[in-house]
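> coordinates only, sequence not included:
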Ligand SMILES: Nc1nc2c(ncn2[C@@H]2O[C@H](COP(=O)(O)OP(=O)(O)OP(=O)(O)O)[C@@H](O)[C@H]2O)c(=O)[nH]1
Ligand SMILES: [Ca+2]
């Protein structure tokens, strides 16, 4: 009797354990499914795409961005997957044959079609932003600039992507979105930590943007941009100097040196032994050059290099106007600039030039010394040392380097001490530094004004939960396999 009671008690106990474990396992399975659904982990990763065309003064580039679908509001996740450089010059150079501007984009657009999955084409936003080259063309001749824009618009509309417009962006947008890009890619917006300033040097304009300590909005509203990103307010100082890109600045410098009308110009910013004939029209045709061609019957002059860095610095300084500041402080040309603040990322031609000259990690003094040595090197030697570099780029590095040093120090007021705050960059985490990414993020509302709600579980929590649920399932299966032997044990007990 006692034995039978013990067996009955044992059975009841086993039933209770089985019931308890079954409930536990069902709960675990429900939790597993719910967690997987809530987390929406990209087990089956799906990407979305966006395309931005940067129609710069010197050339056009097509950038393709991608981000995991469902994760659009999570900053720091959009990245560049491809960049295609359009062959030939920028779209503003098509003013003579505006109809051909659109055709020039075809091969890069075909490349985009092959890279983006077919099923995503119709939902992929496509933008074109034109910068300083088109601003200058519009200043010279609005109807020609309209024709060029019309031609690129027609070409983009015929693509399978979701065309969102082609326009000339303002210098303020160019500066501000360059700042957004740099800070987004370095994950500074999400963290709400300090930001980094952005310095962009193009062919026809240059931009400076940074969060200033001093509220400059009262002094100069046109240089103030405010953003609310990810729950933080940013008061940005930004300015774009039209005509102060490196190609236009060279025209300005040459126009100042050719005023006398002499048949040859001795230029300290070009290497000794450098000599080329240039048409006056190549210098004076730009709306940036206010002075007229010298009154001579010749159409060209001989441009001769002397390679003297200190004289070059004087030539370059003359293109800035340091007088006539109506604000508490200015950079140059009477433009307000608050005191420099924080680290800076310098990209585009700042990077191309300083990287070529190997000056990206030197002090200001050492950079000056190295540049002086480089400028005084004979042209034949320079060509021998760099047989693979485009001759046009090669000839201009001494001038461009001198201009960059002068712009940053005389213009923007960087000193020997603050020089170290500048980092010369091309890419951040695989994406090019420039205005395009910030522009797309803004137009697609991919950076929320407020910090998004934290996900139901952090990734680590999700992994931990999965681990425990798996452990539980393992013990359950172990229990089942052991239990299959229990009845035999029980019957033996009964026989005994
Ligand atoms: N050395 C060198 N120069 C380059 C390279 N790519 C472009 N440049 C030159 O650097 C300058 C700036 O180039 P970008 O930043 O593309 O200028 P952009 O966007 O066409 O001009 P903006 O409309 O003023 O912004 C131009 O003078 C270009 O000719 C390069 O790979 N190496
Ligand atoms: Ca540019």
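Nice, thanks for sending it over. Since we're looking at a predicted model, the values are computed, not measured. Ligands and ions are numbered 1, 2, ... in the order given.

> Every contact and neighbour count from this point should use C-alpha atoms.
Will do.

> what about the strands in the stretch 201-350 of the chain?
Defined through DSSP state E, counting those that start in this stretch, the strands belonging to the stretch 201-350 of the chain, from first to last, are 205-211, 224-229, 232-242, 264-267, 275-279, 300-305, 344-348.

> Out of these, which gets nearest to residue 120?
For these, the distance to residue 120 is smallest for strand 224-229, at 27.8 Å, taking CA to CA.

> follow-up on the earlier one: with mean pLDDT and distance to residue 118 as new columns, can the strands of the stretch 201-350 of the chain be given to me in a markdown table?
A markdown table is the format used below for the strands of the stretch 201-350 of the chain (pLDDT from 0 to 100; distance: least, CA to CA, whole Å):
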| stretch | mean pLDDT | distance to residue 118 |
| --- | --- | --- |
| strand 205-211 | 98 | 37 |
| strand 224-229 | 95 | 33 |
| strand 232-242 | 97 | 38 |
| strand 264-267 | 98 | 54 |
| strand 275-279 | 98 | 49 |
| strand 300-305 | 98 | 52 |
| strand 344-348 | 98 | 32 |
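
> With respect to burial, which of those scores highest?
Per-stretch averages of neighbours, counted by mean count of other CA atoms under 10 Å, single out strand 205-211 among the strands of the stretch 201-350 of the chain, with a mean of 26.

> Paired strands for that one, with orientation please.
Strands that pair with strand 205-211, judged by DSSP bridges, come out as strand 197-201 (antiparallel), strand 232-242 (antiparallel).

> Can you lay out those strands as CSV showing distance to ligand 1?
Rendered in CSV, the data for the strands paired with strand 205-211 read as follows (distance: least, CA to the nearest ligand atom, whole Å):
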stretch, distance to ligand 1
strand 197-201, 6
strand 232-242, 8
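
> Around ligand 1, pick out the residues from the stretch 1-150 of the chain.
Taking CA under 6 Å from any ligand atom as the criterion, the stretch 1-150 of the chain approaches ligand 1 at residues 56, 57, 58, 59, 131, 132, 133.

> if I look at the fourth one, how far off is residue 326?
Computed with CA to CA, to the nearest Å, the distance linking residue 59 and residue 326 is 36 Å.

> The two: which is more packed in?
A direct count of neighbours by other CA atoms under 10 Å for residue 59 and residue 326 places residue 59 higher, at 18 against 11.

> Please enumerate the helices of the stretch 251-400 of the chain.
Read by DSSP state H, counting those that start in this stretch, the stretch 251-400 of the chain holds these helices, from start to end of the chain: 280-284, 309-317, 349-356, 364-375, 379-385, 391-406.

> mind giving me a markdown table with these and columns for mean neighbour count?
Conversion of these to a markdown table gives the following (neighbours: other CA atoms under 10 Å):
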| stretch | mean neighbour count |
| --- | --- |
| helix 280-284 | 16 |
| helix 309-317 | 19 |
| helix 349-356 | 20 |
| helix 364-375 | 18 |
| helix 379-385 | 13 |
| helix 391-406 | 21 |
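
> Switch those helices over to a markdown table; also include mean pLDDT.
Supplementary listing: these in a markdown table, determined by pLDDT from 0 to 100:
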| stretch | mean pLDDT |
| --- | --- |
| helix 280-284 | 97 |
| helix 309-317 | 98 |
| helix 349-356 | 98 |
| helix 364-375 | 98 |
| helix 379-385 | 98 |
| helix 391-406 | 97 |
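
> And these: which comes nearest residue 236?
Between residue 236 and the helices of the stretch 251-400 of the chain, the shortest gap by CA to CA is with helix 349-356, which sits at 21.1 Å.

> Pull the residues that contact the closest one.
Contact partners of helix 349-356, identified using CA atoms under 8 Å, 6 or more residues apart in numbering, comprise 199-203, 246, 360, 397, 400-401, 404, 424-426.

> quick one: which of those is most hemmed in?
Among those, the one with the most neighbours (other CA under 10 Å) is residue 199, at 31 neighbours.

> need the contact list for that residue.
For residue 199, the contact set (CA under 8 Å, 6+ apart) comprises 206, 207, 208, 209, 344, 345, 346, 347, 350.

> One more pass at 7 Å, please.
Going by CA atoms under 7 Å, 6 or more residues apart in numbering, residue 199 touches 207, 208, 209, 344, 345, 346, 347.

> Show me which residues of the stretch 251-400 of the chain sit near ligand 1.
With CA under 6 Å from any ligand atom as the criterion, the stretch 251-400 of the chain comes near ligand 1 at residues 348, 349, 352, 353, 393.

> ok, 8 Å please
Where proximity means CA under 8 Å from any ligand atom, the interface of the stretch 251-400 of the chain facing ligand 1 comprises 347, 348, 349, 352, 353, 356, 393, 394, 397.

> Taking those residues, tell me the two that lie furthest apart.
Within those, two members stand farthest from each other by CA to CA: 347 and 394, at 18.8 Å.
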